[in-house]
Structure formats: structure tokens, C-alpha cells
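Engineer: Have a look at this prediction, sequence included:
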There are 2 protein chains.
Amino acid sequence: MSGTLYGVGVGPGDPDLITLKALKVLQSVPVIAYPAPEVGDSMARQIAASHIPDGLHEIIIRMPLDPKKFPDRSAYDAAAEEISGLLADGQDVAVLCEGDPFFYGSFMYLFNRLTEDYQVEVIPGISSLMACAAVSSTPLVARNEVLTILPGPMPEDELRSRLSQSGAAAIIKLGRHAPKVYAILEELDLLDQAQYVEHATMSDQRVGPLKEMNPEEVPYFAMILVRKGSVGL
Amino acid sequence: MSGTLYGVGVGPGDPDLITLKALKVLQSVPVIAYPAPEVGDSMARQIAASHIPDGLHEIIIRMPLDPKKFPDRSAYDAAAEEISGLLADGQDVAVLCEGDPFFYGSFMYLFNRLTEDYQVEVIPGISSLMACAAVSSTPLVARNEVLTILPGPMPEDELRSRLSQSGAAAIIKLGRHAPKVYAILEELDLLDQAQYVEHATMSDQRVGPLKEMNPEEVPYFAMILVRKGSVGL
């Protein structure tokens, strides 16, 4: 009998923001796999480190640093093939995913490659969206409001248009796109309604009003939350 | 010294989808509070039941059943006053929240009433959004795609317009609005790309392609996930 592939959300950073269900999977599998940069540690593994039993077989999925090559089809092909061999051999494999596996997560590329041939179970995780709202004391969205999630690398015109139409929005994947986003928010007169969070729930977390931040110094794992009105009631 | 108010996300239904951090709060506070219908049990308390120590002081925040009166300002005023008395007395109070406290959660009304006078900490939870994606094996959103969260009670024209512009969308709070949503998706030729989930991760969970469901029999706690294209790669 084949093994099961688990996509395990390990949460945004704080090791306590993992679910009991994720813990149980980590304590039951013989193999874990996780993405990592070409050089250096895997963020997903670092987040889950205190929960990983000793002696597991670990598969490191190295991703190219060059953003032009990222995400890299061949890296997922190779990882899927290695994982497939273990699943076919009857071993369960847990893939560690920062945040939630299906919310802008790279797990979906492994999922697409393996779901036709194997049993796959996804364990949802606390996403950066909910973590940023919590640490910045910013209610995301209430009642019948629309919430829009906008990636920073989007074309400027589309980002401006979407933001002007959104009562509540989260802008993710900022990094070098932060100055563009900052300028659009200023232009739309939304700077005063924008909260900034970087590295939510991690030891180097920074939180505050966006207008107090320098948009030239924003990492990739940062988010801006915008609400046009009060939650009210 | 005043107590701390905790907004504790207890997750979507499966008791194992609670975080370690939420568990630690539940094990440390003398008082819990939770919303409940006028008659009957609180869903948030039911989800967390196995994790609640015996002997806690429990505050039940009863909400009117009449949707015209919901959410009810006076119910939150009264609950905030009762909780305020306990916080002023130095007791920590944990408010149980289905899913995540700040994602369409009623906790934000207590938060607004109490955050100026007391220390408030929000413990993010697994939201229905991530739970529905996981149980329906539907990747939500990848790379630089936009994700839009749309409440079912929205006006028909706006819902149609937003859906036609969204590569990936989640439609929540369905209930009696499901036939309207179904018709719009049919009109936009999106029925084949729509997954349906009700009561995600609960014992009465139902999951499947939307076109196999009867839109006349959809509860409030149901969601439709739409993706126009494959996640690809």
C-alpha cells in the first residue's frame, strides 16, 4: 500500500502557532521534505524545528535564488520524483509549508505532480494574512465587506485600480515593490489607513503604521493591511 | 493590574485544528466568553470543548436570531461591560472565536469596545478559507494572482462584476444566497471551476463540485471556491 503525502502548514513563524493536527502528522511520519534556498536554511523547517522528532529522513528541496528562474519547474520535478519513490514504497511523507499550504504556497506544485497517483492530505496552517492582522491589531474584514489579496509584484495600474475598489485589502510579497505600493497608497489617500507588518510572529517582527516606515527597506515577507473604514458597530 | 483580553481563534471545527498558542491561553485563563445563538449551543465553545479546563467562569454572549437585528450592538455593549469588570479586577478573559478572530469574526466588536482601556492579544486561528481549500483539495491562489473574498449577501451586480474580474475567489456566507451565486457562476461559465464545501472539517462536512449540489439546500457555513485557471507550473 502506498504512503500518504501530507502538506503541513507550520504557521507564520511562532512555533506555538502550529496546530495539534500538524504536530500529530510530524510525530507520525518517517520522512519530511521542505523547500530551502540554494544556500542556507529552510524557513519552514526553522519554524517547525522544535516539533520535529530526531532521526527523520529529510528531503531538502533547493530552489534557485535567481528570481527569473523561480519558481523552478525542474526542482519540483526532481522533488516529486524522489517523494514518489518513497510513497510508492509505502512511506508517508510530510511536506513542511510556511503559513498555509494552499495560500500562495509552493506545496501546490508538489500537490499537482502527485495527487493523481497518491493519497494527499492537506493540513491547513495559520497564514501570514491572519498573523499580520493579529499582531497589528487590525481587524481584516467584517460583515458583507469584500477582502482582496494583492501581490506587490502586480502591474502598477492594476494594483491602483484594485486598491481603489477595495474596502479592505492585504498587499503581500512586498520587498522591492514596496516603494511602488507606498506611492499608490499615498496617491489614493490611503496611507493613514495602512498598517505595516514584517516577519509577523518571528523574533525580528516589525509592526506599525505604514507612514512611519521606509519603503526602501522592506523585505519580501512583509504585508500592508488597508481598511478604508472602521469595522464599526 | 488589569487583566488581558485574548481573542482566541479556535479554528474551523476539527478540535485538532487549534494552535498550541490557543491551547496555552485556554489553560491559563480563569474566564472564557463566547457568542451563542439566543437558544442553543455556541459553535465556538463546541469546537474548543475538549480543550477547556473544568471550572472556568463562562460568559455566554447571546445573539438575536433575527437577521435584521444581527449583529446586535446592545449584546456587544452588555458583554463588553461584563468583561470589562473582570479585566479591571485583574482577571484574564479569553473570547473563543470560530476560525480566526479578525476574519469576519464577531470578536472585532468586543475588540473595538475594549482595546483602548485594556491589553488585548489576538491569537490567530485556522480560518474557514484555508480549511475549505484543504478539504476540497483546491489550491487557493499562487504566485502573483489576486484572491478575492466575496460574501454571498452582496448585491447581485457587484458580485457578478467582482467574480468576472477575479482569477481566484472564495464566496462565503452562502445560505439563502446560494441560488443567486449559483446563477451568476453559471452565467459567467464558471460552474465547472467551482468547488463547494459546507461545514469544513466538522463531522457533517460535505465537499464536491458545485454543479453536483442543490443550491436550494445550502447552509450559512458553506463556501464556494473558484479558480479560473490551473495553478500551473
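Structural biologist: That came through fine. Here the structure is a predicted model, which means the values were calculated and not measured. Numbers count the residues shown, from 1 in each chain, chains lettered A, B, ... in the order given.
Engineer: How is chain A partitioned into domains?
Structural biologist: Following automatic domain parsing, one gets these domains for chain A: A:4-126, A:129-227.
Engineer: The longest helix seen in chain A - contacts with which helices or strands?
Structural biologist: Using DSSP state H, we find that the single longest helix of chain A is helix A:73-88. In this structure, helix A:73-88 packs against strand A:4-9, strand A:31-37, strand A:57-63, strand A:93-97, helix A:107-114, with contacts taken as 3 or more Cβ pairs under 8 Å, 6 or more residues apart in numbering or on different chains; DSSP states H and E. Heads up, the C-betas are built off the backbone N, CA and C, glycines and all.
Engineer: For the last one, what does the pLDDT average out to?
Structural biologist: Think helix A:107-114. The average pLDDT within helix A:107-114 is 96.
Engineer: can you check the fourth one too?
Structural biologist: Looking at strand A:93-97 alone, the average pLDDT works out to 98.
Engineer: which residues touch that strand?
Structural biologist: For strand A:93-97, contacts defined as Cβ atoms under 8 Å, 6 or more residues apart in numbering or on different chains pick out A:3-10, A:25-26, A:29, A:31-34, A:42, A:44-45, A:47-48, A:59, A:83, A:86-87, A:101, A:105-107, A:110, A:125.
Engineer: Are any of those buried, and if so which?
Structural biologist: Using 16 or more other Cβ atoms under 10 Å in any protein chain shown as the burial test, these include A:3-10, A:25-26, A:29, A:31-34, A:42, A:44-45, A:47-48, A:83, A:86-87, A:101, A:105-107, A:110, A:125 as buried.
Engineer: show me where chain A has strands.
Structural biologist: Along chain A, counting by DSSP state E, strands occupy A:4-9, A:31-37, A:57-63, A:93-97, A:119-123, A:147-151, A:168-172, A:194-198, A:206-209, A:222-227.
Engineer: JSON lines for these, including distance to A:Ala131?
Structural biologist: Formatted as JSON lines, those follow (distance: least, Cβ to Cβ, whole Å):
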{"stretch": "strand A:4-9", "distance to A:Ala131": "12"}
{"stretch": "strand A:31-37", "distance to A:Ala131": "19"}
{"stretch": "strand A:57-63", "distance to A:Ala131": "23"}
{"stretch": "strand A:93-97", "distance to A:Ala131": "14"}
{"stretch": "strand A:119-123", "distance to A:Ala131": "17"}
{"stretch": "strand A:147-151", "distance to A:Ala131": "14"}
{"stretch": "strand A:168-172", "distance to A:Ala131": "11"}
{"stretch": "strand A:194-198", "distance to A:Ala131": "8"}
{"stretch": "strand A:206-209", "distance to A:Ala131": "11"}
{"stretch": "strand A:222-227", "distance to A:Ala131": "9"}
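Engineer: that older thread, quick one, which of the domains of chain A is nearest to B:Val207?
Structural biologist: Counting by Cβ to Cβ, B:Val207 lies closest to domain A:4-126 out of the domains of chain A; the figure is 12.2 Å.
Engineer: Would you point out which residue is most central in chain A?
Structural biologist: Nearest to the mean C-alpha position of chain A, by Cα atoms, centre = their mean, lies A:Gly99 at 4.5 Å.
Engineer: now it: how far from chain B?
Structural biologist: As defined by Cβ to the nearest Cβ, to the nearest Å, A:Gly99 lies at a distance of 9 Å from chain B.
Engineer: Please tell me I have it right and that residue contacts A:Gly11.
Structural biologist: Yes. Assessed by Cβ atoms under 8 Å, A:Gly99 is found in contact with A:Gly11 at 6.7 Å.
Engineer: Overlap in contacts, the two.
Structural biologist: Common neighbours of A:Gly99 and A:Gly11 (criterion: Cβ under 8 Å, 6+ apart): A:125-126, A:131.
Engineer: Can you say which of those are also within reach of chain B?
Structural biologist: A:125-126, A:131 (Cβ under 8 Å from any Cβ of the partner chain).
Engineer: Redo the residues you listed as TSV? Include pLDDT and distance to B:Glu217.
Structural biologist: Formatted as TSV, those follow (pLDDT from 0 to 100; distance: Cβ to Cβ, whole Å):
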residue	pLDDT	distance to B:Glu217
A:Gly125	98	31
A:Ile126	98	32
A:Ala131	98	36
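Engineer: Just the residues you listed: which are in helices?
Structural biologist: In this view, those that belong to helices under DSSP H are A:Ala131.
Engineer: ok, so of the ones next to chain B among the shared contacts of A:Gly99 and A:Gly11, who is nearest A:Val141?
Structural biologist: Checking these one by one against A:Val141 (Cβ to Cβ), the nearest turns out to be A:Ala131, at 15.3 Å.
Engineer: residues touching that closest one, list them.
Structural biologist: Contacts of A:Ala131 by Cβ under 8 Å, 6+ apart are A:11-14, A:17, A:99, A:197, A:200-201, B:124.
Engineer: Let's see that with 10 Å instead.
Structural biologist: A:11-14, A:17, A:99, A:125, A:197, A:199-202, A:205, A:223, B:100, B:122, B:124 (Cβ atoms under 10 Å, 6 or more residues apart in numbering or on different chains).
Engineer: swap in A:Ile123?
Structural biologist: By Cβ under 10 Å, 6+ apart, the contact list for A:Ile123 reads A:6-10, A:18-19, A:21-26, A:94, A:97, A:100-101, B:14, B:16-17, B:126, B:130, B:134.
Engineer: Kindly report the same for A:Val25.
Structural biologist: For A:Val25, the contact set (Cβ under 10 Å, 6+ apart) comprises A:4, A:6-8, A:19, A:32, A:92, A:94, A:121, A:123, B:16.
Engineer: Next: A:Ala169.
Structural biologist: A:140-141, A:146-150, A:159, A:162-163, A:185, A:190, A:193-194, A:224-228, B:146, B:148.
Engineer: Type out the PyMOL command that picks the buried ones from those residues.
Structural biologist: Those of the contacts of A:Ala169 that count as buried under 16+ other Cβ under 10 Å are selected in PyMOL with:
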select buried, (chain A and resi 140+141+146+147+148+149+150+159+162+163+185+190+193+194+224+225+226+227) or (chain B and resi 146+148)
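Engineer: Neighbours of A:Asp189, how many?
Structural biologist: Residues near A:Asp189, counting by other Cβ atoms under 10 Å in any protein chain shown, number 9.
Engineer: how about the domains of chain A, which one is nearest B:Pro215?
Structural biologist: Closest to B:Pro215 of the domains of chain A, according to Cβ to Cβ: domain A:129-227, at 18.9 Å.
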